[in-house]
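Participant: Let me see the structure of the following:
(chains A and B)
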Amino acid sequence: MLNIENLTVEIENNRILDALSLSVPAGEVHAIMGPNGSGKSTLSYTVAGRPGYEPVSGDVTLNGESLIGLEPDERAAKGVFLSFQQPVAIPGVATMNFLRTALNAQRKARGEEEMSSADFLKVFREHAKTVGLTPDKLKRPFNEGFSGGEKKRMEMLQMALFQPRFAIMDETDSGLDIDALKMVGEVVNALRAPDRGFLVITHYQRLLDYVKPDRIHVLAGGRIVHSGGPELARELEEGGYEQFKAEAA
Amino acid sequence: MSAPITLTAFEDRLFADLPQGEVAEALKSRGLPSRRAEAWKWSDLRAALRDEKQASGDYVGEVPPAPLSLDGAVVLTIRNGTAHMDDAALPDGIGMTRGLPEPGVLPDADLASLATAAHTLTIELQGNPPPLIVRRLSDGEGRHADRLRVRLAPGTCATLVETHEAQGAPFANSLTEIAVGEGANLTRLIAQPAADDAVIVHTTLASLAEKASLGQTAIALGGALVRHETRLVQNGESHAQLDGLYRLTGKRHCDTTTHVDYVGEGAETSQLVKGVASGRARGVFQGKFHVARGAQHTDAKMAHHALLLEQGAQINAKPELEIYADDVECAHGNTAGALDPEAMFYLRQRGLSEEQARSLLIDAFAGEVLARVQDEGVREQLERVFRAGLE
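Facilitator: Numbers count the residues shown, from 1 in each chain, chains lettered A, B, ... in the order given. All right, here's what the predicted structure looks like:
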């Protein structure tokens, strides 16, 4: 599924990712945990193709196909979805119009038929209900006046809507209460499929009570310093990252 | 006293053709406004009009499809400065008179003064007249001017559309004088499709009587040099909206200059001007609210926001408040910047191409001005005029 090999990324001459390698097989959920500044968001931006995050060396492939050099929208059409840590509000952009345009742009790029407004409205409403966003919020311009938690709900709505092949969730749990965490768990669990993968980036173990990872990786100093099973989350919660930093050195 | 200036070939010919009198004398002494004049520092008309131009001949070009049309409207065309109208067919509530030139020097408005050498067309509106559309069509390489007076009797509710449609490389100098009577309400729309080689200056001198209102929206796509200048006097408890939207590509230039004088108590003004510039285009915004000592309780808001899509594009803005009354609410805001890279990446991550993401953000940006246009049908047409500037 998603294969990251010796990925090195520098931002303004600072090495943020240092020959990072990571593999997430199809059907699995992997979590990345790591201290602030360890390169978690850089990793998500690099995979999604944000301008300015072109790797110095290394490769990222999805189902054997390299993503490096592709435009962000080309990656999206190939099924890469990023749930943003800090989603933007876009004044003046009608939410449903934007999301339908985006969905159909992806479908068109994949050679699929575009979705009619009626069909779109139906699935959109369904997912809106799942993530707990009321119709009045969806009539507003995109994310305008949304709280941090509501923006995260909107991210989850889109993840459900776009049905990506591979989703990266960058600190989706930050700013969410228990009920909202449960909702995130529901969305991810409903999407889990043999041909779909997830990379969940988080600071805390609590999201992992709802989204059960198959593997957990510790990111420190721009590389994966330790990997283990789901039990690793508790060890990190108790012993912190220091134990693994030492291991890396 | 400054030294006499050396006239350009354009000025030589222009002043030679002007009838003797105070207008000719005044203009000869200082020439056309150039960047040396504070009010024209970003729109150097003198430099844009160096070469000799003859007075325009007849308009011979095709009449393009109208940028704006309204149900039941009376359409008047002014072709290369000459009004074409059919007085007999005028409906109730609209009166027109064609008059001889009434030359005179108008303060702080040299180009308006220059236009007073043209014939005067006076339009009287009263009651609830049908919309009036004045299409100014220009072609050729020459120069021409026109002067239009629009008077709204007290209590009148009217819509006036003015277009500037130019082909070729003419210099079109227009003056619109508007008097909105007590309690009257004027909706005014201005549309100026792109005209790469034309120089267009349109000066509006308007006044609002007590409790009168003006809702103005100008959509401009610029030209070799284009200036839309509105000078408004607001009497007590009048209300004005002075909106504008410009979209400039290539080497086009567009200047939006407004000046509002408050002379009575309790006037309100709301102004939102937005612009988008790409290529090597240049947008200019100059706004001034001048609140006289007696104009207490004036409530005036001015905002100008511009998007620069490319490195070579330029925006110059000068918002100004000059306030001599102590109990007023006046504010201005001004920003210029690029499209938000965060928003661009977000939209593209969701699958939109760079082009789609850009145009979505530009539409959203412009949408704020268009949303202030009450009539949905009109709003859609203005949106079309604006979008034509994206090409």
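Participant: Which of the helices and strands in chain A ranks last by mean pLDDT?
Facilitator: Using mean pLDDT, DSSP states H and E, helix A:242-248 stands out as the lowest-scoring helix or strand of chain A, at a mean of 68.
Participant: What ranges does the chain have for its helices?
Facilitator: Here I'm looking at chain A. A:40-48, A:72-77, A:95-109, A:117-131, A:135-138, A:148-162, A:178-191, A:232-239, A:242-248 (DSSP state H).
Participant: could you do chain B instead?
Facilitator: B:9-17, B:22-30, B:45-48, B:110-115, B:341-349, B:354-370, B:376-388.
Participant: Quick check: which of those helices is buried the most?
Facilitator: With neighbours defined as mean count of other CB atoms under 10 Å in any protein chain shown, those peak in mean count at helix B:110-115, which reaches a mean of 24. Glycine gets a C-beta too; all of them are placed from N, C-alpha and C.
Participant: what packs against it?
Facilitator: Under the contact criterion of 3 or more CB pairs under 8 Å, 6 or more residues apart in numbering or on different chains; DSSP states H and E, helix B:110-115 touches helix B:22-30, strand B:143-152, strand B:171-180, strand B:195-208.
Participant: Show me the one of these that comes nearest residue A:30.
Facilitator: strand B:195-208 (56.7 Å; CB to CB).
Participant: same for the closest one, what does it pack against?
Facilitator: Helices and strands touching strand B:195-208, as assessed by 3+ CB pairs under 8 Å, 6+ apart, comprise helix B:45-48, helix B:110-115, strand B:132-138, strand B:157-166, strand B:171-180, strand B:185-192, strand B:223-234.
Participant: residues contacting whichever residue of chain B sits closest to chain A?
Facilitator: The minimum distance from chain B to chain A, using CB to the nearest CB, falls at residue B:364 (3.0 Å). Contact analysis of residue B:364 by CB atoms under 8 Å, 6 or more residues apart in numbering or on different chains lists A:90-93, A:141.
Participant: Now with 6 Å, please.
Facilitator: If you count contacts by CB atoms under 6 Å, 6 or more residues apart in numbering or on different chains, residue B:364 has them with A:92-93.
Participant: Quick check: it vs residue A:151, distance?
Facilitator: According to CB to CB, to the nearest Å, residue B:364 and residue A:151 sit 18 Å apart.
Participant: Write out the residues of chain B neighbouring chain A.
Facilitator: In this structure, chain B approaches chain A at residues B:342-343, B:345-346, B:348-353, B:360, B:364, B:367, judged by CB under 6 Å from any CB of the partner chain.
Participant: which of those sit farthest apart?
Facilitator: It's B:349 and B:367 that sit farthest apart of those, by CB to CB, at 22.5 Å.
Participant: one step back: I'd like the helices and strands packed on strand B:195-208 as a markdown table, with mean pLDDT and distance to residue A:75 appended.
Facilitator: Converted to a markdown table, those look like this (pLDDT from 0 to 100; distance: least, CB to CB, whole Å):
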| stretch | mean pLDDT | distance to residue A:75 |
| --- | --- | --- |
| helix B:45-48 | 96 | 47 |
| helix B:110-115 | 95 | 54 |
| strand B:132-138 | 97 | 49 |
| strand B:157-166 | 97 | 45 |
| strand B:171-180 | 98 | 50 |
| strand B:185-192 | 97 | 41 |
| strand B:223-234 | 98 | 41 |
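Participant: could these go into a markdown table alongside distance to residue B:318?
Facilitator: Shown next, in a markdown table, are the helices and strands packed on strand B:195-208 (distance: least, CB to CB, whole Å):
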| stretch | distance to residue B:318 |
| --- | --- |
| helix B:45-48 | 17 |
| helix B:110-115 | 19 |
| strand B:132-138 | 27 |
| strand B:157-166 | 23 |
| strand B:171-180 | 23 |
| strand B:185-192 | 21 |
| strand B:223-234 | 13 |
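Participant: Next up, the contacts around the closest residue to chain B within chain A.
Facilitator: Proximity of chain A to chain B (CB to the nearest CB) peaks at residue A:92, 3.0 Å away. Residues counted as contacts of residue A:92 (CB under 6 Å, 6+ apart) are A:141, B:364, B:367.
Participant: The first one contacts residue A:91, doesn't it?
Facilitator: Yes: applying CB atoms under 6 Å as the test, residue A:141 and residue A:91 come out as touching, 5.3 Å apart.
Participant: what residues does chain A put near chain B?
Facilitator: A:48, A:50, A:72-73, A:76, A:82, A:88, A:90, A:92-93, A:102, A:105-106.
Participant: could you redo the last one with a cut-off of 7 Å?
Facilitator: Contacts of chain A with chain B, taken as CB under 7 Å from any CB of the partner chain, map to A:48, A:50-51, A:71-73, A:76-77, A:82, A:84, A:88, A:90-93, A:98, A:101-103, A:105-106, A:158.
Participant: Just the endpoints, please. Distance across stretch B:235-251?
Facilitator: Across stretch B:235-251, the terminal residues are separated by 39 Å (CA to CA, to the nearest Å).
Participant: Can you name the residues that contact residue B:100?
Facilitator: With contact taken as CB atoms under 7 Å, 6 or more residues apart in numbering or on different chains, residue B:100 is in contact with residue B:119.
Participant: Poorly predicted segments of the chain, please.
Facilitator: Just so you know, I chose chain A. A:245-249 (pLDDT under 70).
Participant: nope, chain B
Facilitator: B:1-4, B:86-88, B:390-391.
Participant: Give me the residue at the spatial middle of it.
Facilitator: The centroid of chain B falls nearest to residue B:228 when counting by CA atoms, centre = their mean (2.9 Å).
Participant: Distance of that residue relative to residue B:243?
Facilitator: From residue B:228 to residue B:243 the distance is 12 Å (CB to CB).
Participant: Residue B:92: which of the residues of chain B next to chain A is nearest?
Facilitator: Closest to residue B:92 out of these is residue B:367 (37.0 Å), distances taken as CB to CB.
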